[in-house]
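Colleague: turn this into a model:
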Amino acid sequence: MSPRESLRRLFDAAIAAADPARCVPPHLPANDGGRLIVIGAGKASAAMARAVEQHWSGPLDGLVVTRYGHGVPCSRIEIVEAAHPVPDAAGAAAAQRVLQKVQGLQAGDRVLALISGGGSALLAAPAEGLTLAEKRTLTSALLKCGAAIGEINCVRKHLSAIKGGRLATAAWPAAVLALAISDVPGDDPAVIASGPTVADPTTCGEALAILDRYGIALADNLRRRLAAGELETPKPGDPRLAAAEFRLIASPRQMLEAAAEEARRLGLTPLILGDAIEGEARTVAADMARQALAHRGQRPCVLLSGGETTVTVRGHGRGGRNTEFLLALALALDGAPGIHALAADTDGIDGSEDNAGAFVGPDTLQRAQAAGLDAAAHLAGNDAWGFFAGLDDLLITGPTRTNVNDFRAILLP
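Modeller: Numbering: from 1, shown residues only. Prediction:
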C-alpha cells in the first residue's frame, strides 16, 4: 500500500467515526408516542435528520438548514440549504422559520435540536436592528483577520436573534434536547454552532473587545448597543434554559482515536498530538515539521492531530487552512526523505474551494519546481489551492455530511 493510500485510509476511518447514521440513533430520546419537533443547523444536520427519520416511528416534523450541496433526501423533516461561511438570505429566512417552529410550545412538547459545525453561519437571524448585510460584512472581516473560532462565535452570538441560547429560550417551556457533533477545539457547547440551546458565558463587552482587537470597523449605533449591553445573551442560571439538555455525540477526539485504531491495523504506531490545536496555519505547520523530524527514523509511525487553525489573509489566492498548513509544512520539511502528510477538513470542503485538503510528500517541492510553481510565492499569496491543483495533489471527496474539524496525519518512516 502506498503512503498516500495509507493516509486516505486513516482519513476515511476518521470520517466514519463521526457518521450521523452511526452516532445519532443511540442518543435519541425515548419514544413515548408524542410529537417530536426537529430543528437544527450545520454541515451534518441533514444527515443527522435522516438518521432521526430512520429510527423514529412516532409523529415527527421539523426543519434543518445545511450548507449548499450537503443536503440529503428526507420525507418528514424539511431540509433547507444556505451559504457558509458568509451567511445569505436563504440562511436568514431559514433561521426565522426555525424560530417560528418552536414558538408557542407548551411544557409537554419536545424539541430535538441537531447541531453541528457550520450552524453559526447557517442560522443567520440578525439581532433586532441589525441587517443581514451588516452581518455579512462583519463575518467576512472576522474570517480574514485570523481570529480564532471561539472569538468569531462570541461576536456572532451577540449579533444574533437565535444563537447564544436564544433558540432554547424561544422554545421554553418545552423540553429541548440538543445532539451535537463538535467541530471546535475543546468541544465547548457554547461555541459549537455558537451554542443556540445553551447559556452563553461571554458578554457584549467581550464581543466588542474582539472586534476592536482585530481593527474591525463598526457602525456607531452597533458599537453603542454592544457597549451598553443591549445585545446581551442568556446567561448561566437563566430559568428559561432549565428544560434544555445538551449531548455531545461525536468529537474530534473520537475521530482521532478511530484513525489511531486504523493506523494500528496498518502496522503503524499512532501518536496523537492533540485534538484542539489552534494557531496560524503556517506556524502550526512549522512546529509539526519540527516534531516530525524529531520522530523520524525511530519507528514507522503517524502523527495525528485535530483542531482548527486560522489563516490571516493577506494575498488574493485560493485555498483553505488545511492546504495552507500543508504548503507551509512542505516548505518547513524541505524534502525530508520518507515523510508524507495529509490535512483535510472533515466536512469535505477546505475553506470555500472544491477540495477537502491535499497531500504532500518528500518530492512535493521538487515536482513543484519542475512544474514552474514557486511554493514560497504561493504561500505568501494565500494560494495553496493553486499550488496543489497544479501538482494534482488535491484531496477531493465531496461533502462528507459530517464535521469534526480538521484532520492531519503525518506519516513517518
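
Colleague: quick one, helices of the stretch 201-350 of the chain?
Modeller: 204-213, 220-227, 252-265, 281-295, 321-333 (DSSP state H, counting those that start in this stretch).

Colleague: turn those into a markdown table, including distance to residue 58 and mean neighbour count.
Modeller: C-beta coordinates here come from the backbone N, C-alpha and C atoms, glycine included. Converted to a markdown table, the helices of the stretch 201-350 of the chain look like this (distance: least, Cβ to Cβ, whole Å; neighbours: other Cβ atoms under 10 Å):
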| stretch | distance to residue 58 | mean neighbour count |
| --- | --- | --- |
| helix 204-213 | 40 | 18 |
| helix 220-227 | 43 | 15 |
| helix 252-265 | 29 | 20 |
| helix 281-295 | 46 | 18 |
| helix 321-333 | 41 | 27 |
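
Colleague: adding distance to residue 388 and mean pLDDT, write those helices out as CSV.
Modeller: What follows is the helices of the stretch 201-350 of the chain, written out as CSV (distance: least, Cβ to Cβ, whole Å; pLDDT from 0 to 100):
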stretch, distance to residue 388, mean pLDDT
helix 204-213, 32, 96
helix 220-227, 39, 95
helix 252-265, 21, 97
helix 281-295, 14, 96
helix 321-333, 6, 98
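
Colleague: in TSV, list these along with distance to residue 306.
Modeller: TSV is the format used below for those (distance: least, Cβ to Cβ, whole Å):
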stretch	distance to residue 306
helix 204-213	24
helix 220-227	32
helix 252-265	4
helix 281-295	12
helix 321-333	11
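
Colleague: what's the closest of these to residue 24?
Modeller: helix 252-265 (13.8 Å; Cβ to Cβ).

Colleague: quick one: residues in contact with the closest one.
Modeller: With contact meaning Cβ atoms under 8 Å, 6 or more residues apart in numbering, helix 252-265 is reached by 9-11, 13-18, 182-183, 185, 187, 269-270, 272, 275-276, 302, 304-307, 346, 404-405, 407, 409.

Colleague: buried members of those residues into ChimeraX, please.
Modeller: Remark: buried members of the contacts of helix 252-265, expressed as a ChimeraX selection using 16 or more other Cβ atoms under 10 Å:
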select :9,10,11,13,14,15,16,17,18,182,183,185,187,270,272,275,276,302,304,305,306,307,346,404,405,407,409
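
Colleague: among the contacts of helix 252-265, name the ones in strands.
Modeller: If you go by DSSP state E, the contacts of helix 252-265 have 269-270, 272, 275-276, 302, 304-307, 407, 409 in strands.

Colleague: can you give the domain ranges for this protein?
Modeller: Domain assignment for the chain by automatic domain parsing gives 3-10+253-412, 31-250.

Colleague: now the end-to-end length of the first one.
Modeller: End-to-end span of domain 3-10+253-412 (Cα to Cα, to the nearest Å): 9 Å.
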